[in-house]
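[1] Structure of the sequence below:
(3 chains)
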Amino acid sequence: MNKLKAVYLNEVYKISKKKKITVAAVLSVVAVAVAAVAVYLVNNFSGIRVTGSSELSILVLQVMSYTLIPLFVTFVAVDMFGGEFSDVTMKITLTAPATRLKIYLGKILAIASFIAANLLAIMVLSLIASFFVGIGMPNVVRIFFAYVLAFFPLLIYAMTVVLISNLIRGTTGAFMVSILVFLLFIGAGILFPQIKSFLFTASFDWYRLVLGSFINVGKLLRVFMILAGYAVMLFGCGFYLFEKRDL
Amino acid sequence: MNLSKKSTAVLSAVVGAAVLATSALADALIGSGYYSLKQAIKTTSATLINETDNFTVSGKIVMKVDGKEIFVSEGTMKYDIAGGQYVEESTTTEMDETSESYIYNGPDLYIHKDSRGNNYATTRVKGSEEKLIEDFFQREDVQDAEKIVDAFVGSMQDLIQTDENDGKKLYIGNLTDTSVPPLVNALSSFFLKYAALSEYTAENYGVPHPKANIYVQDVSGKAVENSGGILESLILSAAFVGDDKDGNSHTYSVEISANVTSINATAVEPISTEGLKIQAAAENRLSLGKKYEGLYKSEVVGETADGFVKLGEQFFEITSVDGATVTGRYYEIYNPEYLTGDGKSFTFTTIQNHDDWNRISFEYADENGDSKKGEFFYYDAANIQLHLYAQNNAYGRADQIVRTFSDSNFARVFE
Amino acid sequence: MDNAIVINGLTKKYKNSRGIEDVSLTIERGDIFGFLGPNGAGKTTAMKIMVGLMKPDRGNVLINGFSILTDYEKAMQSVGCIIESVNPLTYMTAYENMKLVARMHDHVPDARIDECLEQTGILKFKNERTKNFSLGMKQRLGIAMAILPNPKILILDEPLNGMDVEGMVEMRLLFLRMAKEGGTTFFISSHLIHDIELTCNKVGILYQGKRLGVETTESILQNYASLENYYLSEVGFNE
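    Numbering: from 1, shown residues only, chains lettered A, B, ... in the order given. Model prediction:
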C-alpha cells in the first residue's frame, strides 16, 4: 500500500509541476468569471434570470464538464502515459520498486485527483461568484452532490484516454483520437438515442438526477452500474496493454 | 504467474464489459418516465380518436398572482366520434367578469352562443366529411418537433417518476430552481415578461408587471394512466418569481388540469334551437350568394400642394353568381385632366371554392395578354377587398400631383 | 553461497532476429561485475529484462533470490539502476527528480539527497531544471538517483557515458568505495575495456547475443597481458 501511495504522490507531484496546470487553473477562473458576468448582465438589462439561485454553479458545471475539463483531462492523461513513454521518463517510474499494477493504479488515481480538484475549484469559484452576482442563496448541498456525480463519467473518459494512450504511440495521435472518440460518443448519443444507455458520455449530465425534488434512485443505480462496468472494463484493457508494453 | 496477470486483466475486461452491457440493456429496456409518459400520451390520443365511440374531456386553467386568481377558464368537451359531433362548453372568469360560451358542431348543424349575445345556429350544406379531431401525433411537423424536444430534454427525462397503484400508473415530475435548465428558464421568463403578462396586460388585470429578477421557481406535474393505457387525468403547474418596478417580489403561477371521463358513456345532444336565429344552408355565409351581384367602386385620390383632388374611379362588377360559377369585370375611369393612356380593364370567370371561407380567386389577362392572378374577399356589409397581383396604376402624372392614393377597398354602388 | 543476481537461460528475440539467447550468469554478493561486449551485442536488452522494463521470451532473473517476473517489488527493493541513458524529467529540477526516487523508498531524508548530489558533484545544480543539463551532468544525476536509497545492488548500463576523464575517475572511485565500505554489488556494462579492467573484479562477455566466458579480473590478468587481449581471444579475433 505504501508503494501505491508513493506512486500516487509522485504522479500528483508531476502533474503539479507542469505549466499546463497553471493554464488550466487560469482558464477555469476565466470561464467561471465569464459565466457570472454573463448571468449578471442578462439579469441587469432584461430582468430575466438565466439561472435561479443555485443554477450558476450548475450552469458552469454543465459547460465545463463538456468542454474544458475533458480537454485538460486529455492533456494530463496523454502526458502521463504516451508522453512519458515517448520521452522515456517512464523508465524512472517503471524501475522503481513498485509493480506495474500499482504504477497503473497510482497514475489513474492521480488523474482522478486532478479531475476532483478541478471540479472542486470551479464549484467553489462559482459559489463565490453567485454571491457577487446576487442571485440569492445557493443550495450548497445539492450542488455538492451534483459535482460529486459529475466526477464519475469524467473519470471514465480519463480511463478511455489512458487506454487510447496505451494503444497508440505518440502523444499527438492519442490526443486527437481521444477527442474524436469523445465527440463521436456525444454525436452518437444525439443521433441514436436508443443506444444512449451504452454510452458513458450520456451520463455526463446525470447529476441532474439529484437536482429535482424527486430522486430517481433506480436510474441512479443503473447509471452507476454502467459506469462501474466501464471502469472495470477500461481498467482491465488498459492494464493489459500497459503490463505487456516493453520499453 | 506472468500469464495469470494478463489473464486477470483480460478477465476483468470481460467482466466489466458484461456488467456494462447488462446494465445498459436493462436501462434501455426500462426506459425513462419521460418516454413512457410520452408513449401514454400518444396511446391516449390514438385510442380516443380511433377506437372509442365517445368520451368527455374537461379542462381548467387557473392563473394566479400572489395566490389571487386573475384568470380562470373551465371547459368541457364531449366528443361523439361515431356520430361525428361534439359539444364544447366553457366558463371564463377574467377580472371578476364571467363569460360563457357554447358550441355544438354536428354533421348538419352548427350552434354557437357566447356571452356577447352572438347566438346563432347554422345548418350545413353538406355533411361534415372531415374528421372531427385529428391525431396530433401523426402530423409530420409534430413528429419532427418531438425529436428535437427529446434531445433537448436530455437527462431531465429521468426526473419523471412512475408508480403503480391499483392497476393505475402514476407519473410525477417536479423541477425546482436547481433543475430547470438555464435556457428553459430564460425563454419562459422572457415569455412571461413580454407576452403572457406584458406591461399592458398586467395593467389591464390590475396586477404588478414582473420587471426584474424573473425566474422559474418550480414546475411540477402529475398524470394518471388507467389500466387501458389511457391518461385519465393530468395536472401541470408552474410558478415564476419576479420583482415589480418597486422591487417587491411576486409569485406568478399557472395551473392546468385535464381529465378524460365517460369513455363510451358520453351522449352528445345539441341544445334546442328555439329562440336562435337560424341561418339556412342556402344563406350559408360561407359562400358567395346571388345577393352579391352588382357594381363596386373605389376612388383614386391625388394630393396637390393645395389639397386633394379626385383622379378617377376603379370599378369592380360581379356580373353573375350562378351556383359556384362567378363572372365579373374590372375597369378604370379617369378624370381626363390627369389621364395618360387607357385605364386597365378585364373580365373573368371563376369557380368559387366553399372551403376558402370568404375568398374568391380568379385569373385574368392583362393589357399585354399575359395571364395574371387576382383575388377578392367579400364581407357582410356588401364590401369587397380586391387584390390584383400586377401593377394596376395607370394614373396620370400631372405635375401638380404630389402623391396618389388608391386602396383595395371597394364599396357597393347602389342605384 | 550468497548470490546477488542469478540470470537463468534468458532469451529475447527481436523481429530482426537480433537479441539475446540463453544467457545465464551468477553474480555473487560484493562483486563488481563487468559486462563487456560490442555495441548491439544485447547488453542493454539483458539489462532491461533484469530491471523489468522488458519481458523475456524465456528464462528468469532472480535478484536477492526474488524473481523479477513474479516478485518485482521485493526484487527491485534494493536495486538502483541506469538503463541505456539517463532521462530525467526536464520540467523538474535535479532535486525534484531525486525526490521522485526518494518517495519510492522508506526513510530517504532530504539530507541524503544532498549527500548523493555532493558525491556525484552536482550539488550546486540542485535547484536547476534538468532541461539544460549536459550529457555528463545528466549521467551524474542518473548515478545520484540510482544510489539514493542506498541500494545493495547497482545495475548500471554504460554509467560513464559522456563524462570527462575527471568525472570518470571520480565515479570509479565512488563505485569502488561503495563496494568496499557498503558491500554493494555492481553489475556494470561498458564497451570501455580499460575502464572495466580498472573497476571490476569479475568480467563476463556478451557477444552476438550469447554469453562467452566469465572470469575474475585477477585470473585474466595472470593469463593475458591485458583485458583487451582476453576479450579479443574470447571473441576469436585474430590480428
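
[2] give me the element residue 4 is part of.
    In the absence of a named chain, this looks at chain A. helix A:2-16 (DSSP states H and E).

[3] ah, I was thinking of chain B
    Here residue B:4 is assigned to helix B:2-30, by DSSP H and E.

[4] Give the other helices and strands that that helix contacts.
    In terms of contacts (3 or more CB pairs under 8 Å, 6 or more residues apart in numbering or on different chains; DSSP states H and E), helix B:2-30 is packed against helix A:217-244. For every residue, glycine as well, the C-beta is placed using N, CA and C.

[5] what's the average pLDDT for the helix it packs on?
    Helix A:217-244 shows a mean pLDDT of 93.

[6] Which residue does chain C have closest to chain B?
    Residue of chain C nearest chain B, by CB to the nearest CB: residue C:70 (4.3 Å).

[7] Tell me how many other residues crowd that residue.
    Neighbourhood size, residue C:70 [other CB atoms under 10 Å in any protein chain shown]: 14.

[8] ok so, going back, for the helix holding residue A:4, list every residue counted as buried.
    The neighbour-count check on helix A:2-16 (16 or more other CB atoms under 10 Å in any protein chain shown) flags A:3, A:4, A:6, A:7, A:8, A:9, A:10, A:11, A:12, A:13, A:14, A:15 as buried.

[9] As a markdown table, those with distance to chain C would be great.
    A markdown table is the format used below for the buried residues of helix A:2-16 (distance: CB to the nearest CB, whole Å):
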| residue | distance to chain C |
| --- | --- |
| A:3 | 6 |
| A:4 | 11 |
| A:6 | 5 |
| A:7 | 7 |
| A:8 | 10 |
| A:9 | 6 |
| A:10 | 5 |
| A:11 | 10 |
| A:12 | 10 |
| A:13 | 7 |
| A:14 | 7 |
| A:15 | 11 |
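
[10] Around residue 39, count how many other residues there are.
    If you meant another chain, say so; for now it's chain A. 23.

[11] you looked at the wrong chain, it should be chain B
    By other CB under 10 Å, neighbour count at residue B:39 equals 13.

[12] Name the residue closest to the centre of the chain, please.
    No chain was given, so I picked chain A. Averaging the C-alpha coordinates of chain A gives a centre point, and the residue nearest to it by CA atoms, centre = their mean is residue A:154 (3.4 Å).

[13] um, chain B though
    Geometric middle of chain B (CA atoms, centre = their mean) lands on residue B:136, at 12.8 Å.

[14] what sits against that one?
    B:45, B:142 (CB atoms under 8 Å, 6 or more residues apart in numbering or on different chains).

[15] Quick check: it vs chain C, distance?
    Distance, residue B:136 to chain C, by CB to the nearest CB, to the nearest Å: 63 Å.

[16] Ok, residue B:315 next?
    92 Å.

[17] Give the bridge partners for that residue, please.
    When assigned by DSSP bridges, residue B:315 has beta-bridge partners residue B:297, residue B:331.

[18] Also residue B:75?
    With DSSP bridges as the rule, residue B:75 is bridged to residue B:59, residue B:90.

[19] Would you mind listing what in chain C touches chain A?
    Counting by CB under 8 Å from any CB of the partner chain, the positions of chain C adjacent to chain A are C:48, C:51-55, C:72-77, C:79, C:81, C:83-85, C:87-92, C:96-97, C:99-101, C:103-106, C:145.

[20] Take those and keep only those in strands.
    C:79, C:81 (DSSP state E).

[21] hang on, the earlier thing: make sure the residue of chain C closest to chain B is indeed in a strand.
    No. Read with DSSP: H, G, I helix; E, B strand; the rest coil, residue C:70 is coil and lies in no strand.

[22] how about it, phi and psi?
    Main-chain torsions, residue C:70, degrees, to the nearest 10: phi -120, psi -20.

[23] Please tell me how far it sits from residue C:35.
    Taking CB to CB, to the nearest Å as the measure, residue C:70 falls 24 Å from residue C:35.

[24] The nearest residue to residue B:170 once chain neighbours are set aside: what secondary structure?
    Closest residue to residue B:170 apart from its sequence neighbours, by CB to CB, 6 or more residues apart in numbering or on different chains: residue B:163 at 4.2 Å. For residue B:163, the assignment made with three-state DSSP gives strand.

[25] Go ahead and confirm residue B:163 touches residue B:223.
    No. Using CB atoms under 8 Å, residue B:163 is not in contact with residue B:223, being 11.0 Å away.

[26] Identify the contacts common to the two.
    With CB under 8 Å, 6+ apart, residue B:163 and residue B:223 have common neighbours residue B:170.

[27] Between these two, point out the one with more neighbours.
    Neighbour totals were compared for residue B:163 and residue B:223, and residue B:223 leads with 23 against 11 (other CB under 10 Å).
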